[in-house]
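J.: How does the following fold in three dimensions:
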Amino acid sequence: MDLTHFRHLAQALGEPIVSSVWSRITAHEGDQFEAQAATVELRTITADVAALLEPLHAIVDRGGFEPDQRAELSKGRAPVALKSLQQRKVEVIEVVGDNHIRQIRISCRSLFGDLTITPAIRSFNGATKRRLCVLFVALLAACAKTGGPAAPPPGVVRFDLAADPSTLDPLFMHPDASSAEAQVARLAYEPFIDLDQHGAPLPVLLARIPSLANGDLSADGRTIVYRLRRNVRWSDGVALTSADVLYTLHQILDPRNPVRSHEGYELIDRAAAPDAHTVILHLRHAWSPAVLTYFSYGIIPQVVLPAHVPLARLPDVSDGPFAFVAWARGESLTYRANPLYWRGKPPVDRLDVRIASDPSTNLLMLQSGALDWNLIAPAQRSIAVRDPHVRLYLTPTAVVAGLVFNTKHAPLDDVRVRRAIAMSIDRATISAKITLGAYPVTDMLQPQFSWAYDPSIREPGYDPRGADALLDAAGWRRGANGMRALHLNYAQFPESVTGVHVAEAVQAMLRQRGIDVAVESISNAQLFLPVTGILAAGRFDLAYVPFTMGADPDDSDVLACGAPSNYMHWCDQHVDALERAALSSVSQAQRRVLYEAIARRVADQVPVLYLFNARYVYAYRDRMKNFAPNAFLPTWNAWAWRV
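T.: Numbering: from 1, shown residues only. Presented below is the predicted three-dimensional model:
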């Protein structure tokens, strides 16, 4: 556990829980490491509270030595080889203090898995081969149960983001694995069209959704009439009008603005505002995702901006249910209820949003009552429900996770090698053991609830013998040690519990086929940063990427040549032609056939091996009402939340 998250634990559980661990550890000759004793000192804590302490299993970095060599705190353990990380047995350590605390067992594995605490070590006689060290380690207050969480502040909802947003200006949002920027943008800004928790489209800034039936969509799909609600005001009291929509279009298309994608917007050749509440867009040619994508959901969503406010002042003025108050970078954001919101002031007065990327910390804070809701990994589900005040919400999502191949790097430019790797990976086992079946295996980029999803599509299945044969045919034969001269770099962001476990599984499965994989932990921000990020710059061989699709099945942002989210750096002219045809057709039936053809080509060439279509598990405390995430965002209906 990274100690940078410790301040959140202290805030969650209170100062009386702050403690320290003093341990005598002896380093022997021959890289032997023995924990002789450990003492937990509890400050300002009563005996009745101390009696509620649960066990803590501490795996401690060996300070002053190689950081990947660890030993286990225990009492009376025989010397342990530092290279061995498989110390599973829980030992008893002595706990002393002023409160006559009895010995307790030390184990939190059921809650956290393997914890890593980075201690400060002071060596008394480091020149000798036999050293006595004292570790000063913060005791994980996570293991304290004080009989129930402290009373939460009234009218406040608290939740975490797994990553700090790189910007709060919605014009410059970019996708990442956690959708951090989209989550907070939805608090402050309204889309034209939203989707409810069941996937049904809802007009938000619009009075109605354009369609052929109501005459707001032309038969050729090139003219769209958007009719704005008349009672919408910005948070400073200025009315939202069609002028704001035209202003935003200019900002999106202005080449001086580093907007990540102009997808679809560059097709608009004329835009008019005949009155304050009507916008007419005319397209160069039909673009089928237009109605549900413009100023709504898309791989790169955009929202309407206030024309009377400079971009540099955003998000100070907004039209959503909550108004921005403060941002402490890397730590927290604060929002207050917008009294001018068109639906009426939200029932919740304030939102306290913390930045905490460690999934175990987030679960702990939820259980302690310091958070009201949080996304959890499937493996954490059984732990979360132990608290009678925690409820679960399961929702299908538009997130399709895949193993991306960098097709610009040899030997991954060879389709035989890509197919062999795909055949080496048991996706069914990954789904069953890592996600406990919550994330079903999938074989195409469209979510399984999409009208374009085709269950007959099949990427290469698990076939170890076939994989070996393909690798041999491609010239990558095993050596005398059973390994092939094939070394791959796998990029993984640590903010995802599921992703980390997938990386471990893939590494082990490929090793069985003689392929050496080095997993590199790279933060969410570094991985997904546009242009210079690890994925965009192509500084990887394999990477775990959760793609968040839009409301429309358009996948050109991922699969078209040079597309912003084409992290595979793959270009297939046949797929490009199919993508153009699918985007220009107004026939759903025809588009379904085209997306099927695209998926079959991808399944044959395997620039990406789709792993599963995530069904997210959200945990929330029972004080929170109307929490109902949709397939894209958990914050879409923050206006309805109550506590």
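
J.: quick check: domain ranges of this protein?
T.: Domain ranges of the chain: 3-143, 157-349+623-640, 395-617, per automatic domain parsing.

J.: Quick one: end-to-end distance for the longest one.
T.: The first and last residues of domain 395-617 sit 7 Å apart, counting by C-alpha to C-alpha, to the nearest Å.

J.: Same check on the second one?
T.: One end of domain 157-349+623-640 to the other measures 12 Å (C-alpha to C-alpha).

J.: Could you measure from Ser496 over to Arg230?
T.: Ser496 sits 43 Å away from Arg230, going by C-beta to C-beta, to the nearest Å. All C-beta atoms are positioned from the backbone trio N, CA, C, and that covers glycine.

J.: the more surrounded of these two?
T.: Higher neighbour count among Ser496 and Arg230: Ser496, with 21 against 12, using other C-beta atoms under 10 Å.

J.: contacting residues around Gly499?
T.: By C-beta atoms under 8 Å, 6 or more residues apart in numbering, the residues touching Gly499 are 177, 401, 492-493, 544, 546.

J.: ok, now with 7 Å
T.: Each residue near Gly499 by C-beta atoms under 7 Å, 6 or more residues apart in numbering is listed here: 492-493, 544.

J.: sec struct for it, please.
T.: Assigned by DSSP: H, G, I helix; E, B strand; the rest coil, the conformation of Gly499 is helix.

J.: possible to save the domains of the chain as CSV with mean pLDDT and distance to Ser360?
T.: Shown next, in CSV, are the domains of the chain (pLDDT from 0 to 100; distance: least, C-beta to C-beta, whole Å):
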stretch, mean pLDDT, distance to Ser360
domain 3-143, 34, 4
domain 157-349+623-640, 94, 12
domain 395-617, 95, 8
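
J.: related to what we said a few turns ago, go through the contacts of Gly499 and give me the one with the most neighbours.
T.: Most neighbours among the contacts of Gly499, by other C-beta under 10 Å: Phe493, with 27 neighbours.

J.: what about the nearest residue to Ala628 once chain neighbours are set aside, which helix or strand?
T.: Sequence neighbours aside, Gln197 is the residue nearest to Ala628 in space, at 4.2 Å (criterion: C-beta to C-beta, 6 or more residues apart in numbering). Following DSSP states H and E, one finds Gln197 outside all helices and strands.

J.: who's in contact with Gln197?
T.: Each residue near Gln197 by C-beta under 7 Å, 6+ apart is listed here: 395, 628-630.

J.: rewinding a little: could the domains of the chain go into JSON lines alongside distance to Ile383?
T.: As requested, the domains of the chain are exported to JSON lines (distance: least, C-beta to C-beta, whole Å):
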{"stretch": "domain 3-143", "distance to Ile383": "6"}
{"stretch": "domain 157-349+623-640", "distance to Ile383": "17"}
{"stretch": "domain 395-617", "distance to Ile383": "11"}
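
J.: which stretch among these comes nearest His389?
T.: Across those, His389 has its closest neighbour in domain 157-349+623-640 (7.6 Å, C-beta to C-beta).

J.: Most neighbours among the contacts of Gln197, which one is it?
T.: Within those, most neighbours by other C-beta under 10 Å means Asn630, with 23 neighbours.

J.: if I look at that residue, how far off is Pro378?
T.: To Pro378, Asn630 is 19 Å away according to C-beta to C-beta.

J.: Can you report how many residues lie near the residue lying closest to Leu228 once chain neighbours are set aside?
T.: In space, and not counting its chain neighbours, Leu228 is closest to His277: 4.4 Å by C-beta to C-beta, 6+ apart. Neighbourhood size, His277 [other C-beta under 10 Å]: 18.

J.: so what's His277 up against?
T.: For His277, the contacting residues are 227-228, 230, 241-242, by C-beta under 7 Å, 6+ apart.

J.: same thing but at 8 Å, please
T.: By C-beta under 8 Å, 6+ apart, the residues touching His277 are 207, 227-230, 241-242.

J.: tell me which element Ala410 is part of?
T.: Here Ala410 is assigned to no helix or strand, by DSSP H and E.

J.: returning to that earlier point: who wins for most neighbours among the contacts of His277?
T.: Counting neighbours by other C-beta under 10 Å, Leu228 leads these with 24 neighbours.

J.: so what's it bridging to?
T.: Counting by DSSP bridges, Leu228 forms beta bridges with Leu206.

J.: Hmm, it is touching Thr278, no?
T.: Yes - at 7.2 Å, Leu228 counts as touching Thr278 under the criterion of C-beta atoms under 8 Å.

J.: any shared contact partners between these two?
T.: Listed as contacting both Leu228 and Thr278 by C-beta under 8 Å, 6+ apart are Ser242.

J.: So which residue is smack in the middle of the chain?
T.: Ser178 (2.7 Å; C-alpha atoms, centre = their mean).

J.: tell me the two of the contacts of His277 that are most distant?
T.: Farthest pair in the contacts of His277, by C-beta to C-beta: Ala207 and Thr241, 13.4 Å.

J.: out of the domains of the chain, which comes closest to Gln367?
T.: Taking those one by one with C-beta to C-beta, domain 3-143 is closest: 8.3 Å.
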